[in-house]
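# here's a sequence, model it:
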Amino acid sequence: MTVIQQVSVNRMKIIMFLPLLLLVCSVSADQTETAGHQSCPQDFHAALRELTASLAVQNERITVLQTENQVLSNQGAIEQQTEIDQLKLQSKVTQVAFSASLLDQGEGDTGPFNDHTTLVFKHVVTNIGNAYNKNTGIFTAPVRGAYHFDWKVLGRDSTHTGAYLFRNEEIIFLAYESQSSGWPSASNGASLLLEVGDQVTVRLWAGSRTYDNENHQTTFSGHLIFTM
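Numbers count the residues shown, from 1 in each chain. Prediction:
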């Protein structure tokens with residue numbers, strides 16, 4: 001039984017006792033009128049005042065407890081809604097995947113450059129979680145976890161082509177192909193543990209070039225495997 005229920009029971013007992021007290025007083029009055037004495041025991045009014053005061057205290061306690069219960073109920077509802085919102089946000093954060101090719105339209109070569117240069121893959125077909133920026137070519141990890149990346153570069157009328165996968169300023173893997181003529185291509189993949197804010201890019205091998213057209217053959221893709 002809750003505290004409020006117990007207080008309510010006590011109040012009902014007091015209310016039920018009042019008619020009984022009045023009945024006793026009435027019987028007592030009938031008996032004392034014959035003897036010419038006072039019509040009611042002298043302590044009746046004192047008992048009535050005590051019961052009335054007790055009833056007032058019980059009512060006040062019930063009001064206070066009901067108010068406290070309402071506050072706790074509201075706090076519980078707010079905490080539950082906050083937890084639901086956090087779970088929804090976490091669910092959205094853990095949904096991360098993207099895939100893009102180098103050119104958004106047309107065809108052409110990119111490079112050569114004197115230094116390793118970030119490739120900006122502008123034709124984005126998937127970007128769940130918006131972690132990849134098609135204006136900079138940078139993928140930024142939104143949550144700590146294990147990620148997997150794949151990249152491919154195609155050369156045209158070239159002897160070699162290649163591209164690195166970078167985590168921040170750290171070289172991870174190289175995809176590279178060299179041949180005497182024709183259309184060299186290279187691809188590679190890697191799984192990385194990333195912290196929040198880590199950046200992953202594909203950078204063209206210095207001195208080489210890559211080609212893309214409407215078939216989207218130079219690509220960069222990645223997705224979150226699981227959080228940690």
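
# for whichever strand or helix holds Phe226, which positions count as buried?
Using DSSP states H and E, Phe226 falls within strand 219-227. Going by neighbour count (16 or more other Cβ atoms under 10 Å), the buried part of strand 219-227 is 219-224. No exception for glycine: its C-beta is placed from N, CA and C like everyone else's.

# and for stretch 61-80?
Residues 61-62, 65 are the ones in stretch 61-80 that count as buried (16+ other Cβ under 10 Å).

# rewinding a little: in its sheet, what does the strand holding Phe226 sit against?
Partners of strand 219-227 in the sheet, by DSSP bridges, are strand 97-101 (antiparallel), strand 145-154 (antiparallel).

# CA atoms only for the helix or strand just after the last one - export them in CSV, please.
Beyond strand 145-154 in the direction of the C-terminus, DSSP H and E gives the next helix or strand as strand 160-167. Taking only C-alpha atoms (Å, rounded to 0.1, in the frame of the first residue of the first chain), the coordinates of strand 160-167 have been written out as CSV:
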residue,chain,number,x,y,z
HIS,A,160,51.2,4.2,-64.0
THR,A,161,48.5,5.4,-61.6
GLY,A,162,48.1,5.2,-57.9
ALA,A,163,46.4,6.7,-54.8
TYR,A,164,47.0,6.5,-51.0
LEU,A,165,44.5,6.1,-48.3
PHE,A,166,45.3,8.6,-45.5
ARG,A,167,44.0,8.7,-41.9
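
# packing partners for strand 160-167?
In terms of contacts (3 or more Cβ pairs under 8 Å, 6 or more residues apart in numbering; DSSP states H and E), strand 160-167 is packed against strand 145-154, strand 170-178, strand 185-194, strand 199-204.
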